[in-house]
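Visitor: my questions concern the predicted model and sequence given below.
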2 protein chains.
Amino acid sequence: MAKLTTRTEDYSKWYNELVVKSDLAENSGVRGCMVIKPYGYAIWEKMRDEMDKKFKETGHQNAYFPLFIPKSYFEAEEKNAEGFAKECAVVTHYRLKTDPNNPKKLIVDPEAKLEEELIVRPTSEAIIWNTYRGWIQSYRDLPILINQWANVVRWEMRTRLFLRTAEFLWQEGHTAHATKNEAIEETEKMLHVYADFAENFMAMPVIRGIKTESERFAGADRTYCIEALMQDGKALQAGTSHFLGQNFGKAFDVKFTTNEGKIEHAWGTSWGTSTRLMGALIMTHSDDLGLVLPPTLAPIQVVIVPIFRSDEQLEEINTVVDKLQKELKLKGISVKYDDRKENKPGWKFAEYELKGVPVRIAIGPKDLENGTVELARRDNLTKETQPLEGLENYIETLLTTIQKDIYAKAEKYRDENMTKVDSYEEFKKVLEEKGGFILAHWDGTAEEEAQIQEETKATIRCIPLNNDLEDGISMVSKKPSKQRVIFAKAY
Amino acid sequence: MAKLTTRTEDYSKWYNELVVKSDLAENSGVRGCMVIKPYGYAIWEKMRDEMDKKFKETGHQNAYFPLFIPKSYFEAEEKNAEGFAKECAVVTHYRLKTDPNNPKKLIVDPEAKLEEELIVRPTSEAIIWNTYRGWIQSYRDLPILINQWANVVRWEMRTRLFLRTAEFLWQEGHTAHATKNEAIEETEKMLHVYADFAENFMAMPVIRGIKTESERFAGADRTYCIEALMQDGKALQAGTSHFLGQNFGKAFDVKFTTNEGKIEHAWGTSWGTSTRLMGALIMTHSDDLGLVLPPTLAPIQVVIVPIFRSDEQLEEINTVVDKLQKELKLKGISVKYDDRKENKPGWKFAEYELKGVPVRIAIGPKDLENGTVELARRDNLTKETQPLEGLENYIETLLTTIQKDIYAKAEKYRDENMTKVDSYEEFKKVLEEKGGFILAHWDGTAEEEAQIQEETKATIRCIPLNNDLEDGISMVSKKPSKQRVIFAKAY
């Protein structure tokens, strides 16, 4: 197996190679669209199932809305249209026919032109609020708490596996409420659901914050986000939760009678996370040998590799492994026994390192004699000898330890790469030399924000929630500022 | 609540009303596309999860392939193109822009025309086999056993909720094998997985069979199917499993080196079920009061309705119900307590009958005195009084009984509506007066099949697996026949 490009050699190349070589995903024959391979999809399924559980625990139900959105729906909410309706896949016809000049070719049938073009959903606010109009008459119909798991399409020009693809998988929550406060509460609740998921399930520390107006979702009054820091010092937005005000309620005329008999427009929220999280997962934990997966997300948590020179030895090992596998499975631990003869143990070790299997067990004839196994951790690459007796309990605890250690390592990296700066010169120097999250004063205007982005490519990732107040002077305009915000270059 | 149209009044109207009134789905603003509402989606989720489990138990993994298929891919497999590439959604452009004549309108940007049109997948053989070419080099790479959960689009002109919609949700299995026999084995295995699911989970009896050439999947060498009988005497194809031969292997040049060093094309299968199963479920079990759901698929298995005249009475009931709910949940039974004051018990009874909740418990002050509850079954509408003590055990058993009884009822109906006929006159009479599955002799030609369809609208649903051999004379051509096949009008 050829080695991966290392992160210091070329971070971007390392990422691309890793995604493909570890069998997570690959580019398809369709520009910008990826194939998510079984190993990658198994990780995504685990993410999806855990988030889905959290959504349901917080009172949400799943539903499904159409893939297509009539063009005119986008005209209803101007900002949303500006943000999303421009770069999109447009369906204009509904039939192909055989080319009369070449019976082996298909052509678009010009007679099958749609009266109104359909847009492949880039996000579903428009179609969903158009539907909610029929569902909401009274305050008794509220709140509506719905989530959808779906594919969406945004015609991105430069694409990268998981991080930016024309088609991607995501979930989008769309809720409607009777009051502003309730909608804001929902928006914040879902932000915390995302943050909990990212930290406790993906072992990825995140900063919870609010976007500036320029970075806000098109159609929202306020956008909350979780921001994670990748190993190359760039930020990645890992989830967003939007307070939509009455923007979609008004655009789609969704009105209800209040408890007091008044007619009002419904208040909305929407919130989403996507297969982009796969990119975040990879870039938070993995190393030059391959993936590092937190046990919660690993399709295989433990791999067992037999070391043998004869069939007789293998048979003896098999007996021991059969028992161990059963014990591990009883504890809900997913385990794979790789007893293939065509590959040597060293090859297998490298393979499962590449695939990020958290724990590797090797068992050879000497281990059988001693009643031990060799146990290797993927995250910190340590090895130890452990007694076979009670191994299932040891591994159960070890998986929890690994999960914590992976988080702690990522948190340490993140904390070491959060830098307070007090001048624009310092800002540019840190950005250049170290990257990471840079905490700096900002005058609160879109102008200063735009100038900084123009000159440094760094953007304001967020204004952290519960931010400490601190008097200061903004970096460029030198105006007074009450708090620091977080700048970074971002994916 | 207005009553449903009855099945005898107008079966088709009954179906449409039921789907909408029981909150399963509704039509959307997009022609032919439906909105699957939370209650309907919750049922579909249960179907999906159970099938997914069965697929994984039989060695399959999930993956995800692009929504779009380049037009030219369809040109590769001629029959598949004929069958699927014609009525489809065609993406021709990738950008909208503001109308220069009206800044509030969006128009398709003529400069953003795709070089090659993209088809929204009607089925994914083409894109998947194009991908498999890169994955398969050696017999060691086989078999590939992959399933995909996805949305697909077929531009149907006349649509009906769940039964025939332009966009629908489905799963599509796509496997590649080194030998013909192995592929046929896989095709048959998945047919039996479908049949087991339909019978044991949906409580819907099915006939397992093989399609005639005219009814075969476009691109397959052999199509297996499960056929169910609806309450109006029409058949519904509930799942298909296709042996693709080497058709896609050859069309997409998917070759591998055999164990003996020869180069061969891979053998394929594909198999699918869709949200159409929701329609089958509804039409198999439901009655004039609403849905009848088998307990395995019911989002709410038990509903508890308090009967009270005062808050004091309600509080006493609450104490008893709290305990009962906990006991039921411990057994994994989903239960809802509807203590809303704005609706009367009678209204609630009708509501949960409409929604098909299998078991309803009513508790009033007299019940409290006697230590009993009133228990009503949705399937056969019987009521009984049961002691509160040990009720959770009684209900656990009852749910199993209901599941069996619902199946038995559907099976009885199906068996009573399978008629052997020996002449074309008898065939037409039975078809007209009774419908159902009609077992008749056929000469094996597409001509006779087409003539019968032309004259009666009945098609050959399938040639049952393990069919009894029986000499006979075909109905129209009067040629000798070795076995009966199953005819019916179909959805």
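Guide: Perfect, I can see it now.
Visitor: tell me the pLDDT of the closest residue to A:Met283 other than its chain neighbours.
Guide: Distances taken as C-beta to C-beta, 6 or more residues apart in numbering or on different chains place A:Met230 nearest to A:Met283, at 4.1 Å, with adjacent residues excluded. Every residue, glycine included, has its C-beta placed from N, CA and C. Looking at A:Met230, its pLDDT is 98.
Visitor: over to A:Met1?
Guide: You'll see A:Met1 listed with a pLDDT of 61.
Visitor: sorry, back to before: who's in contact with the residue nearest to A:Met283?
Guide: Residues counted as contacts of A:Met230 (C-beta atoms under 8 Å, 6 or more residues apart in numbering or on different chains) are A:236, A:280, A:283-284, A:491.
Visitor: mind running it again at 7 Å?
Guide: A:Met230 makes contacts with A:236, A:283-284, A:491, as judged by C-beta atoms under 7 Å, 6 or more residues apart in numbering or on different chains.
Visitor: just the ones of the residues you listed in strands?
Guide: With DSSP state E as the criterion, strands contain A:Leu236 from among the contacts of A:Met230.
Visitor: farthest-separated two in the contacts of A:Met230?
Guide: Greatest spatial distance in these: A:Thr284 and A:Tyr491, 11.8 Å, computed using C-beta to C-beta.
Visitor: out of the contacts of A:Met230, which sit inside helices?
Guide: Assignment to helices by DSSP state H places the following of the contacts of A:Met230 there: A:283-284.
Visitor: can you pick the most crowded of the contacts of A:Met230?
Guide: A:Thr284 (27 neighbours; other C-beta atoms under 10 Å in any protein chain shown).
Visitor: and the pLDDT for that residue?
Guide: 98.
Visitor: what's around the nearest residue to it once chain neighbours are set aside, how many residues?
Guide: With sequence-adjacent residues excluded and distances taken as C-beta to C-beta, 6+ apart, A:Thr284 is closest to A:Met204, at 4.7 Å. Counted by other C-beta under 10 Å, the residues lying close to A:Met204 total 28.
Visitor: and A:Met204, how far from chain B?
Guide: Using C-beta to the nearest C-beta, to the nearest Å, A:Met204 is found at 22 Å from chain B.
Visitor: you'd agree that residue is in a strand?
Guide: No - using DSSP: H, G, I helix; E, B strand; the rest coil, the secondary structure at A:Met204 is coil, not a strand.
Visitor: that one contacts A:Ala280, doesn't it?
Guide: Yes - with contacts counted by C-beta atoms under 7 Å, A:Met204 reaches A:Ala280, the gap being 6.3 Å.
Visitor: joint contacts of those two?
Guide: Common neighbours of A:Met204 and A:Ala280, counting by C-beta under 7 Å, 6+ apart, are A:Ala228.
Visitor: check contacts around the closest residue to chain B within the stretch 151-300 of chain A.
Guide: The minimum distance from the stretch 151-300 of chain A to chain B, using C-beta to the nearest C-beta, falls at A:Trp155 (4.4 Å). By C-beta under 7 Å, 6+ apart, the contact set of A:Trp155 is A:87-89, A:166, B:94-95.
Visitor: the residues you listed: which two are farthest apart?
Guide: A:Ala166 and B:Arg95 (12.5 Å).
Visitor: between these two, which one's more packed in?
Guide: A:Ala166 (25 against 17).
Visitor: how about that one: what's its closest non-neighbour residue?
Guide: Nearest to A:Ala166 is A:Gly32, by C-beta to C-beta, 6+ apart, at 3.2 Å.
Visitor: pretty sure the one you found contacts A:Thr165?
Guide: Yes - A:Gly32 is within contact range of A:Thr165, at 5.8 Å (criterion: C-beta under 7 Å).
Visitor: okay, and the common contacts of those two?
Guide: A:156, A:159.
Visitor: the two - which one has more neighbours?
Guide: With neighbours defined as other C-beta under 10 Å, A:Gly32 and A:Thr165 compare such that A:Thr165 has more, 25 against 22.
Visitor: quick one: the more buried one and A:Ser274, what's the gap?
Guide: 9 Å (C-beta to C-beta, to the nearest Å).
Visitor: any chance you could map the helices in chain A?
Guide: Along chain A, the segments classed as helices by DSSP H run A:11-21, A:38-57, A:71-76, A:78-80, A:125-135, A:180-196, A:247-251, A:276-285, A:311-330, A:345-354, A:365-370, A:391-416, A:424-433, A:446-456.
Visitor: quick one: contacts for the residue nearest to A:Ala166?
Guide: Applying C-beta under 7 Å, 6+ apart, the residues near A:Gly32 are A:156, A:159, A:165-166.
Visitor: so A:Gly290 makes contact with A:Gly356?
Guide: Yes - applying C-beta under 7 Å, one finds A:Gly290 in contact with A:Gly356, separated by 6.0 Å.
Visitor: which residues are in contact with both of these two?
Guide: Overlap of the contact sets of A:Gly290 and A:Gly356 (by C-beta under 7 Å, 6+ apart) consists of A:Ser22.
Visitor: tell me which of these two has more neighbours.
Guide: More crowded of A:Gly290 and A:Gly356, by other C-beta under 10 Å: A:Gly356, with 28 against 24.
Visitor: nearest residue to the more buried one other than its sequence neighbours?
Guide: A:Leu291 (2.9 Å).
Visitor: count of neighbours near the one you found?
Guide: A:Leu291, neighbours per other C-beta under 10 Å, totals 25.
Visitor: same question for the one 10 residues further on.
Guide: Each residue near A:Gln301 was counted by other C-beta under 10 Å, and the total is 23.
Visitor: now stretch A:329-336: how far from the chain's centre is it?
Guide: 26 Å (C-alpha atoms, centre = their mean, to the nearest Å).
Visitor: quick check: end-to-end length of it?
Guide: End-to-end distance for stretch A:329-336, by C-alpha to C-alpha, to the nearest Å: 10 Å.
Visitor: what does the stretch 101-250 of chain A put close to chain B?
Guide: A:104-106, A:108, A:117-118, A:120, A:130-131, A:146, A:151, A:153, A:155, A:167, A:169 (C-beta under 7 Å from any C-beta of the partner chain).
Visitor: where in the stretch 301-450 of chain A is pLDDT low?
Guide: Residues of the stretch 301-450 of chain A that meet the criterion pLDDT under 70 are absent altogether.
Visitor: in it, what residue is nearest chain B?
Guide: Chain B sits closest to A:Glu342 of the stretch 301-450 of chain A, with a gap of 7.8 Å, by C-beta to the nearest C-beta.
Visitor: any idea how far B:Ser138 is from that residue?
Guide: 11 Å.
Visitor: more crowded one of those two?
Guide: B:Ser138 (11 against 6).
Visitor: report the beta-bridge partners for the more buried one.
Guide: B:Thr257 (DSSP bridges).
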